[in-house]
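Enquirer: Show me the folded form of this:
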Amino acid sequence: MGWNRTLFTESVVARDHLTSKFQPASCVVTSSFTTTPPTPTLMETQMMDDMVALAKLDSLLDECLAQPIISDLETPYSQYDSTNFVPAPRDIAYIDEVLRQRHAQLINISYQLSIAQSAFWKLEALQTRLEQSLSHVRLSAISHKALTSPVRRIPPEVLGEIFYHCLPTAPYVTPRDVESPMVLTQVCRHWRAVAMSTPRLWASITLHVDLATEEGYRSMCEAWLGRAKSLPLAMRVLNDLDNPDPSTQAHIVNWLRPLLMRCRDFWWHGPALDSLLDSDDAALGTVTCGVSSTPYLTRLHVTSHRGNTYAVRLPGPAPYLHSAFLQCATLHFPSLDNIHLPWPQLTELNLHFALLDSTVLLQILSLCTSLRFLTVSCLCADSDQLALLRTLRAGAIHHTTLRRFEMRVIRHGLGAVLDALTAPALEELDIGFCYRERDPWPHTEFVEFVKRSGSALRKLIVRQNKSVARHLVEYGALAPGLAVTMR
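Expert: Numbering: from 1, shown residues only. Below you'll find the model as predicted:
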């Protein structure tokens, strides 16, 4: 077994030579920063030595593994293993010699096994060191590669523009640490500085009125909007409070008023707060609520899922307001008495109520002389309104700018509206019936409407009323470019 000792001695020497190269003091990758990095020649020499040592160790292990397993241990007495054989004195002497050999073999193999186990542990330690070195080298490569990344050379104003396109697609941003823009401030100091100094990232917010009773929440919102500098805001306010006490309500209103002045896009959802959007003495063009005007407002949403009253009165002039969206799915909308908007300058209007009187719709069309897109639901007319509508001459309301008109009809009134309206610029008409096939299609009124308005109409969509199908040929001749869709 002398070859085993010699081979193992050589392997231990090779192992010790290899492991010594991975001690912290002589490792190629160190934790301390040096101003003069190792030259490529020295690094290549060290790497070559390491590879030679590993190759030699690998070769020694192959030689060890090539040795056969000791398995042929048969003797003349092996056949008597399971018998009642009684050895003679001469046999006993032979068997004693076999036992001596086996004992020597056990000692030798146990010694080799202990050294192999020790080498295995050291190889495991070596593997761990190599893996750690690999991790350190990989991280160093990544960090140094990052130093030359083109993103580091992007000017701050361009980086700010990229950040702006990382904002959520929703028009109103809800402050969250895991979403833009907050998540952008957690990458590095440079990104944080750029994000904090880019006003457009902070010019949109969703506010919760129930949280606004807390000083900490108000301070957070004020800090957020303060980074927007002087930019007009896009702000959604969700009112979750039910019957707040007067002092709390007044406190919240006083906090919201200056913010409303800064808004270009404002969405209020929930029950109204007194003196914010429904002050009793408010009137268009007057100063109320301590706010002189809403000089930047271009879009207004006022929605609610419940309530017995609905009022929208801007606290002051809104010279640029062109889009309004008003909704309360549980309320009848009988008049415009509680709605004060700059009607002549609106170009887009959406009205969604449980019931919307036909007379109110015609009044809106008369007031909104610049309207291009109109959506209303749900149109209705009682007997008194129908009688009033019949007194109007055909085409009494002449609207020259309306391009798209969408309405949902719940009962009556559609024919009277078509009979009273002339819309020479109308290109798309979308009419939906709330009850499938219940109400008749106003064929006569529609034909007269198209004749009065001219041939600009290009698309007619009729929902839940297939009776229009019998008139398709006539409509094709009436307006040659008209496409009719039934759904």
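Enquirer: hey, let's count contacts and neighbours off CA atoms from now on
Expert: Will do.
Enquirer: just how off-centre is the helix or strand containing residue 111 within its chain?
Expert: Element membership for residue 111, per DSSP states H and E: helix 89-147. Centroid displacement of helix 89-147 relative to its chain, using Cα atoms, centre = their mean, to the nearest Å, is 54 Å.
Enquirer: What of stretch 78-95?
Expert: 86 Å.
Enquirer: And that stretch, what's buried?
Expert: Neighbour-count burial for stretch 78-95 flags residue 95 (criterion: 16 or more other Cα atoms under 10 Å).
Enquirer: do the same with stretch 318-336
Expert: 318, 320-329, 331-333.
Enquirer: Residues contacting the helix or strand just after the helix holding residue 111, please?
Expert: Toward the C-terminus, helix 89-147 is succeeded by helix 156-164 as the next helix or strand (DSSP H and E). Here helix 156-164 makes contact (Cα atoms under 8 Å, 6 or more residues apart in numbering) with 181, 184, 194-195, 198, 200-201.
Enquirer: What separation do you get for the residue nearest to residue 390 when sequence neighbours are not counted and residue 65?
Expert: Spatial nearest neighbour of residue 390, excluding adjacent residues (Cα to Cα, 6 or more residues apart in numbering): residue 416 at 7.0 Å. Counting by Cα to Cα, to the nearest Å, the gap from residue 416 to residue 65 is 101 Å.
Enquirer: Neighbour count for those two, which is higher?
Expert: residue 416 (23 against 10; other Cα atoms under 10 Å).
Enquirer: returning to that earlier point: using TSV, lay out the buried residues of stretch 318-336 together with secondary structure, distance to residue 169 and pLDDT.
Expert: Shown next, in TSV, are the buried residues of stretch 318-336 (DSSP: H, G, I helix; E, B strand; the rest coil; distance: Cα to Cα, whole Å; pLDDT from 0 to 100):
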residue	secondary structure	distance to residue 169	pLDDT
318	coil	27	90
320	coil	24	94
321	coil	23	96
322	coil	22	97
323	strand	20	97
324	strand	21	96
325	strand	20	96
326	strand	22	94
327	strand	23	92
328	strand	25	89
329	strand	26	84
331	strand	31	86
332	strand	33	86
333	strand	32	84
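Enquirer: Just send the residues you listed back as JSON lines, with distance to residue 412 too.
Expert: Converted to JSON lines, the buried residues of stretch 318-336 look like this (distance: Cα to Cα, whole Å):
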{"residue": "318", "distance to residue 412": "35"}
{"residue": "320", "distance to residue 412": "36"}
{"residue": "321", "distance to residue 412": "32"}
{"residue": "322", "distance to residue 412": "30"}
{"residue": "323", "distance to residue 412": "28"}
{"residue": "324", "distance to residue 412": "26"}
{"residue": "325", "distance to residue 412": "24"}
{"residue": "326", "distance to residue 412": "22"}
{"residue": "327", "distance to residue 412": "21"}
{"residue": "328", "distance to residue 412": "21"}
{"residue": "329", "distance to residue 412": "19"}
{"residue": "331", "distance to residue 412": "18"}
{"residue": "332", "distance to residue 412": "15"}
{"residue": "333", "distance to residue 412": "16"}
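Enquirer: List just the nearest of those residues to residue 465.
Expert: Residue 465 lies nearest to residue 329 out of the buried residues of stretch 318-336, by Cα to Cα, at 23.1 Å.
Enquirer: right, and that closest one touches residue 354 too?
Expert: Yes: counting by Cα atoms under 8 Å, residue 354 is a contact partner of residue 329 at 5.0 Å.
Enquirer: what about the helices in the stretch 351-487 of the chain?
Expert: Using DSSP state H, counting those that start in this stretch, the helices of the stretch 351-487 of the chain run over 358-367, 383-390, 414-420, 443-453, 472-478.
Enquirer: follow-up on the earlier one: now do the helix holding residue 111: which elements does it pack against?
Expert: helix 2-20 (3 or more Cα pairs under 8 Å, 6 or more residues apart in numbering; DSSP states H and E).
Enquirer: could you give the mean pLDDT of the helix it packs on?
Expert: Averaged over helix 2-20, pLDDT sits at 44.
Enquirer: about what we covered before: deepest-packed of the helices of the stretch 351-487 of the chain, please.
Expert: Comparing the helices of the stretch 351-487 of the chain by mean neighbour count (mean count of other Cα atoms under 10 Å), helix 414-420 comes out on top with a mean of 22.
Enquirer: nearest residue to residue 182 other than its sequence neighbours?
Expert: Nearest one to residue 182, counting by Cα to Cα, 6+ apart, is residue 176 at 6.6 Å.
Enquirer: Where among the helices of the stretch 351-487 of the chain is average confidence lowest?
Expert: helix 383-390 - the lowest mean pLDDT of those, at a mean of 71.
Enquirer: Report the rounded mean pLDDT for stretch 180-187.
Expert: 94.
Enquirer: residue ranges with poor pLDDT in the stretch 101-250 of the chain?
Expert: For the stretch 101-250 of the chain, not a single residue meets the criterion pLDDT under 70.
Enquirer: any idea how far residue 245 is from residue 213?
Expert: 11 Å.
Enquirer: If you count surrounding residues, which of those two has more?
Expert: residue 213 (14 against 9).
Enquirer: Go ahead and confirm that one touches residue 247.
Expert: No: the criterion here is Cα under 8 Å, and residue 213 misses it with residue 247 at 10.8 Å.
Enquirer: count of residues packed around residue 52?
Expert: 14.
Enquirer: How much space separates residue 458 from residue 429?
Expert: 9 Å.
Enquirer: Can you pick out the residue with more neighbours from the two?
Expert: Set residue 458 next to residue 429 and count neighbours by other Cα under 10 Å: residue 429 wins out with 18 against 15.
Enquirer: for the more buried one, what are its contacts?
Expert: Contacts for residue 429 (Cα under 8 Å, 6+ apart) come out as 404-406, 457, 459-461.
Enquirer: Those in strands, which ones?
Expert: 404-406, 459-461 (DSSP state E).
Enquirer: I'd like to know which of those is nearest to residue 87.
Expert: residue 461 (112.7 Å).
Enquirer: gap between residue 476 and residue 470?
Expert: For residue 476 relative to residue 470 (Cα to Cα), the value is 12 Å.
Enquirer: And residue 385, by the same measure?
Expert: From residue 385 to residue 470 the distance is 30 Å (Cα to Cα).
Enquirer: got a list of contacts for stretch 478-487?
Expert: Outside stretch 478-487, the residues touching it (Cα under 8 Å, 6+ apart) are 447, 450-451, 455, 457-466, 472, 475-476.
Enquirer: What sits closest to residue 212 if chain neighbours are left out?
Expert: Counting by Cα to Cα, 6+ apart, the residue nearest residue 212 is residue 218, at 5.6 Å.
Enquirer: Residue 402: what's it in contact with?
Expert: 370-374, 423, 425-426.
Enquirer: Can you list phi and psi of it for me?
Expert: phi -70, psi 120 (degrees, to the nearest 10).
Enquirer: ok now do the residue minimising distance to the centre of the chain, which residues does it touch?
Expert: In the chain, the centroid-proximal residue (Cα atoms, centre = their mean) is residue 168; its distance is 5.3 Å. Going by Cα under 8 Å, 6+ apart, residue 168 touches 179-180.
Enquirer: The chain should start at 33 in everything you say after this.
Expert: With the count now opening at 33, the last piece we talked about shows up as residue 200.
Enquirer: In which helix or strand does it reside?
Expert: Assigned by DSSP H and E, residue 200 falls outside every helix and strand.
Enquirer: what about it, distance to residue 257?
Expert: Residue 200 is 17 Å from residue 257, by Cα to Cα.
Enquirer: got it, and residue 450?
Expert: Residue 450 is 47 Å from residue 257, by Cα to Cα.
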